[in-house]
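>>> Give me a model of this one.
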Amino acid sequence: MTKKYKISRIDKAGSIKQEIDESRFSINYKSELNEAQFEAASAIEGTFLVIAGAGTGKTRTLVYRVARLIESGYDPKSILLLTFTRKAAREMMGRASLLLDDRCSKVNGGTFHSFANLTLRKYAKAAGIDSGFTILDQGDSEDIINLIRGQMNLASIKKRFPKKNTINNILSLALNTGVNPEIIIQNEYPHFMEFTDQILKIGRIFESYKRKNNLLDYDDLLVFLRKFLQEMSPAARSFLSDIKFIMVDEYQDTNKLQADIVKALAQINNNVMVVGDDSQSIYSFRGADFKNIMEFPKFFPNARLIKLEENFRSTQSILDLTNFIISNADEKYPKNLFTKRKEGRLPSIICAANENMQSRFITDRILELREEGVPLSDIAVLFRSSYHSFDLEIELNKANIPYIKFGGMKFIEAAHVKDMLAFLRISANPKDIVSWYRVLLLHEGIGAVSAQKIIEAISNNEIGFKSNPKAIISGKYDKLENLFSLIYELHNSNKTPADKADVVYGYYYPLFKENYDDFNKRKKDLDIVLRITEKYETMDELLTDMALEPPRDSVSDIDEESKEDEFLTLSTIHSAKGLEWHSVFVIHALDRFFPSAQSFGSTDGLEEERRLMYVAATRAKQNLHITYPQQIFERHSGVTFSKPSRFIEGISENLAEEWLLEEDF
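Next up is the predicted model:
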């Protein structure tokens with residue numbers, strides 16, 4: 001008797017590989033997606049580089065891939081989706097859940113930093129750290145560096161020494177890029193090269209201080225995660241075995257440290273899909289490395305390239321111009337954006353006689369667009385640098401056009417918000433030295449020297465908060481009796497974060513009024529802090545979110561007297577990435593302004609400026625105006641004639657209409 005056998009191939013993700021019968025899925029993926037999107041969404045085993053041009057439905061493609069993997073029978077918890085904002089991860093999981101069902105919400109999604117935080121807390125012992133670590137935000141790191149800086153007798157140097165934020169930038173950039181800090185100082189801060197030894201010493205003391213006090217900053221989260229993954233301990237091997245699929249959004253924005261983590265995550269199940277657009281790589285100043293996306297096929301030799309080129313945002317006329325801008329790039333994945341939308345009006349390149357005429361034209365055109373039915377909220381003015389909009393802001397105010405400008409202080413960086421959070425952080429970890437320093441200095445009669453002595457007493461366990469410290473306080477620390485009692489009460493209480501925040505607010509409010517002259521304006525931010533705390537069940541969750549994914553804007557940055565419900569957007573191009581508007585103005589398109597004069601010294605710098613122009617132009621859906629003043633005033637040289645940006649110079653008339661604005665006497 002002859003035996004009959006059925007043979008099926010097992011794929012690397014551990015499931016039987018079969019010919020796909022599309023009818024088995026509840027979603028008709030082929031009809032919902034275009035051909036390239038479907039190719040990406042239906043990809044399972046292997047490594048994939050998806051080059052997604054601006055407006056080509058990148059998020060939609062990722063959402064459908066998540067749903068399809070789950071419909072194919074893979075455990076949602078075996079899928080890891082890394083993004084650059086938690087909002088992006090939440091949006092994708094929310095859309096996937098609406099598309100399929102609640103299984104999609106169980107996918108492991110989040111930012112590199114939030115993923116690192118959760119992983120390190122779970123596998124702290126294997127990672128060589130204490131799971132109770134406190135996360136330092138950027139301001140906290142700078143404050144510690146300032147403390148170290150202050151202890152180093154720098155006055156004897158009799159020369160300007162770099163500030164705390166500069167030192168932090170140097171140390172952080174070194175970790176994220178893998179470049180020695182000496183090289184970063186030489187390339188980025190050559191005027192501080194003589195202080196290289198002192199800066200490196202501060203870095204060593206800073207690292208020692210963090211380890212001693214169980215503190216991790218943003219960079220440490222990634223450094224320790226990479227180390228944990230690369231060492232491949234039994235715990236790491238078990239952890240990696242459970243991750244069957246890795247998906248990374250906005251891969252062009254990754255730095256070397258993040259790219260190393262992606263490679264380390266793929267050591268066992270080599271199923272990786274990264275999605276991004278090389279033409280939108282614009283964050284090198286944060287350490288993002290353009291080479292990561294260009295050299296992905298080198299690190300993953302069998303990677304399949306998929307291009308998304310059908311644009312769902314802009315008219316073909318706008319796309320023709322943007323295709324031209326990026327076609328001159330030295331290094332790129334060639335692509336040609338196209339759309340099924342009607343052709344639309346040609347973009348315009350407008351040369352104004354001077355800066356004020358540029359501002360008046362834009363103001364008048366915005367008013368016209370509003371009368372044509374385009375809401376202010378669907379119009380944006382974009383610029384290379386924040387100061388480029390100063391003259392325009394004056395004209396907008398004259399015309400009573402309300403606007404919001406992006407690039408101001410973030411909510412979490414506001415001093416009074418940091419004060420409130422410092423109390424809450426001490427309540428969770430009474431050894432949080434950075435927060436103690438901030439809180440102590442709020443109190444009258446406590447200066448830097450006194451604060452340092454008290455902090456040393458806390459650090460050396462002379463003052464503790466497991467039992468009531470009243471006995472220790474008497475005499476020596478009478479001024480702080482109420483503060484120490486407050487911390488004792490909060491640290492040993494089972495109250496909710498919201499209840500603890502209420503207690504802190506009651507104690508802090510008199511100090512708040514004393515320390516800030518504009519406390520009435522700032523008070524709204526404290527109300528927001530109280531509202532935020534109501535969403536959390538544990539203090540650890542609250543403080544982790546405030547460190548890793550804080551709210552963006554401070555209400556005190558917005559004109560409280562304005563009752564308008566729609567605002568024009570003014571934004572730097574870096575802040576506008578990922579957004580879109582009906583009508584977009586790109587201003588100050590001048591050589592030495594855009595591209596900036598600082599970029600002239602390197603090919604890489606100029607190429608990133610080109611990509612920045614591409615990002616700006618691809619924000620427009622219907623109308624695109626690129627403007628520049630013919631004459632510009634500079635403090636050193638007075639009024640000078642300017643050249644249009646090299647990125648728009650010589651554009652043919654079938655790609656854009658060129659206009660000249662002159663005074664009409």
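>>> Low-confidence bits of the protein, can you list those?
Along the chain, segments meeting pLDDT under 70 span 1-19, 155, 158, 407-412, 469-476, 517-518, 521, 549-565, 633-640, 664-665.
>>> the longest helix in it is where?
Secondary structure of the chain per DSSP state H: the longest helix is helix 497-515.
>>> Name the surrounding residues that touch that one.
416, 419-420, 423-424, 427, 442-444, 482-483, 486, 489-490, 493, 495, 519, 522-523, 526, 529-530, 533-534, 536-539, 542 (Cβ atoms under 8 Å, 6 or more residues apart in numbering). Every C-beta, even on glycine, is put in place using the N, C-alpha and C of the backbone.
>>> Select from the residues you listed every entry located in helices.
416, 419-420, 423-424, 427, 482-483, 486, 489-490, 519, 522-523, 526, 529-530, 533, 539, 542.
>>> contacting residues for residue 587?
Here residue 587 is in contact with 358, 362, 381-383, 388-389, 392, 627-628 (Cβ under 8 Å, 6+ apart).
>>> Inside strands: which ones of the residues you listed?
Using DSSP state E, the members of the contacts of residue 587 that fall within strands are 381-383, 627-628.
>>> If any of the contacts of helix 497-515 are buried, give me the ChimeraX selection for them.
Filtering the contacts of helix 497-515 down to the buried ones (16 or more other Cβ atoms under 10 Å) takes a single ChimeraX command:
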select :416,419,420,423,424,427,442,443,483,486,489,490,522,523,526,529,533,536,539,542
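>>> Out of the contacts of residue 587, the closest to residue 115 would be?
Distances from residue 115 to these, taken as Cβ to Cβ, are shortest for residue 382 (31.6 Å).
>>> That closest one contacts residue 573, correct?
Yes - applying Cβ atoms under 8 Å, one finds residue 382 in contact with residue 573, separated by 5.1 Å.
>>> residues shared between the contacts of those two?
Joint contacts of residue 382 and residue 573 (Cβ under 8 Å, 6+ apart) are 586, 616.
>>> picking that back up, pick out whichever of the contacts of residue 587 sits closest to residue 54.
Looking across those and measuring by Cβ to Cβ, the closest to residue 54 is residue 382, at 13.8 Å.
>>> and that closest one, what does it touch?
571-573, 576, 584-587, 616, 619.
>>> and if you look at residue 112?
Residue 112 touches 82, 84, 222, 258, 261, counting by Cβ under 8 Å, 6+ apart.
>>> if we go to 6 Å?
82, 258 (Cβ atoms under 6 Å, 6 or more residues apart in numbering).
>>> What distance do you get for it to residue 258?
Note on residue 112: its distance to residue 258, by Cβ to Cβ, to the nearest Å, is 5 Å.
>>> swap in residue 512?
Residue 512 sits 38 Å away from residue 258 when distances are taken as Cβ to Cβ.
>>> Mind checking which of those two has more residues around it?
residue 258 (25 against 19; other Cβ atoms under 10 Å).
>>> Three-state assignment for the more buried one, please.
The three-state label given to residue 258 by DSSP: H, G, I helix; E, B strand; the rest coil is helix.
>>> Please, which helix or strand holds the closest residue to residue 425 other than its chain neighbours?
Nearest non-adjacent residue to residue 425, counting by Cβ to Cβ, 6 or more residues apart in numbering: residue 435, 4.4 Å away. Using DSSP states H and E, residue 435 maps to helix 433-441.
>>> same deal with residue 305?
strand 304-308.
>>> Now do the buried residues in that strand.
306-308.
>>> Distance to residue 153 for the residues you listed - can I get that in TSV?
Rendered in TSV, the data for those read as follows (distance: Cβ to Cβ, whole Å):
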residue	distance to residue 153
306	58
307	58
308	58
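>>> Now residue 537: phi and psi?
phi -90, psi -30 (degrees, to the nearest 10).
>>> ok, the nearest residue to it once chain neighbours are set aside - how many residues close by?
The shortest distance from residue 537 to any non-neighbouring residue, by Cβ to Cβ, 6+ apart, is to residue 496 (7.0 Å). As a burial measure, residue 496 scores 16 neighbours (other Cβ under 10 Å).
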